[in-house]
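In: I'd like to go over a predicted model; first the sequence, then the structure.
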Amino acid sequence: MRTMSRVSSRIPKQWEPPAKQVYVLRTPEKRPMKLPIDFRKPRTPGRVSAADRNLVMRFQNWGCKNRPFLRIIVSIDRLPLTRKDHFEIEQLGTYDPIVNTHGEKLVSLNIERICYHLAKGIRLEPPVSQLLGLAGLLPQSPTTYVTALRNRRELMRGYT
């Protein structure tokens with residue numbers, strides 16, 4: 001009968017979970033600074049963010065069947081999107097997606113109030129963040145680049 005005569009002299013290391021992915025930025029003094037990746041809720045150090053209070057900036061449809069007209073509103077996340085049984089906290093702008101006679105889509109934004117709510121850490125729905133990216137208030141959304149690439153390919157289909 002054979003017995004285990006060799007005993008490992010090394011102490012087994014305790015298991016450690018893998019490190020979270022972090023961005024490494026540089027401070028003005030060239031020291032590394034690590035930030036956790038969480039793009040769903042903006043960071044508001046030292047205070048409760050508006051996303052923790054279930055506030056969201058979204059579009060609300062105010063148009064008809066073939067004539068859409070959208071309002072940019074602040075509301076509570078769990079409330080429905082329909083106009084008749086919806087409670088809005090504040091209206092921040094409007095968006096008319098139908099092209100007018102000059103080839104423009106009209107947008108009106110209350111920049112001061114939008115910046116106020118962004119500073120509070122409000123959660124943005126993707127269409128609103130895409131529109132604010134086109135307006136220059138936020139970084140461009142990746143879906144904007146994908147849409148532009150598809151439109152460019154569609155335009156170039158007739159030339160090749």
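Out: Now that the structure is in, tell me what you want to look at.

In: helices along the protein, start to end?
Out: For the chain, the helices defined by DSSP state H occupy 111-120, 126-135, 142-156.

In: in JSON lines: the ones you listed, plus distance to Cys64, mean neighbour count and mean pLDDT.
Out: For every residue, glycine as well, the C-beta is placed using N, CA and C. Output for these, formatted as JSON lines (distance: least, Cβ to Cβ, whole Å; neighbours: other Cβ atoms under 10 Å; pLDDT from 0 to 100):
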{"stretch": "helix 111-120", "distance to Cys64": "27", "mean neighbour count": "15", "mean pLDDT": "90"}
{"stretch": "helix 126-135", "distance to Cys64": "19", "mean neighbour count": "18", "mean pLDDT": "89"}
{"stretch": "helix 142-156", "distance to Cys64": "25", "mean neighbour count": "11", "mean pLDDT": "86"}
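
In: can you tell which of those helices is closest to Val99?
Out: helix 142-156 (13.9 Å; Cβ to Cβ).

In: still on that earlier bit, possible to save the helices of the chain as a markdown table with distance to Ile73?
Out: Shown next, in a markdown table, are those (distance: least, Cβ to Cβ, whole Å):
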| stretch | distance to Ile73 |
| --- | --- |
| helix 111-120 | 11 |
| helix 126-135 | 9 |
| helix 142-156 | 21 |
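
In: so which of those helices is nearest Trp62?
Out: Evaluated over these, closeness to Trp62 peaks at helix 126-135, with 14.8 Å, by Cβ to Cβ.

In: so what's the residue count around Val74?
Out: A count of nearby residues for Val74, using other Cβ atoms under 10 Å, gives 19.

In: for the nearest residue to Glu125 once chain neighbours are set aside, what are its contacts?
Out: Nearest residue to Glu125, sequence neighbours excluded (Cβ to Cβ, 6 or more residues apart in numbering): Arg58, at 4.5 Å. The contact partners of Arg58, taken as Cβ atoms under 8 Å, 6 or more residues apart in numbering, are 72-73, 75, 81, 125, 127-128.
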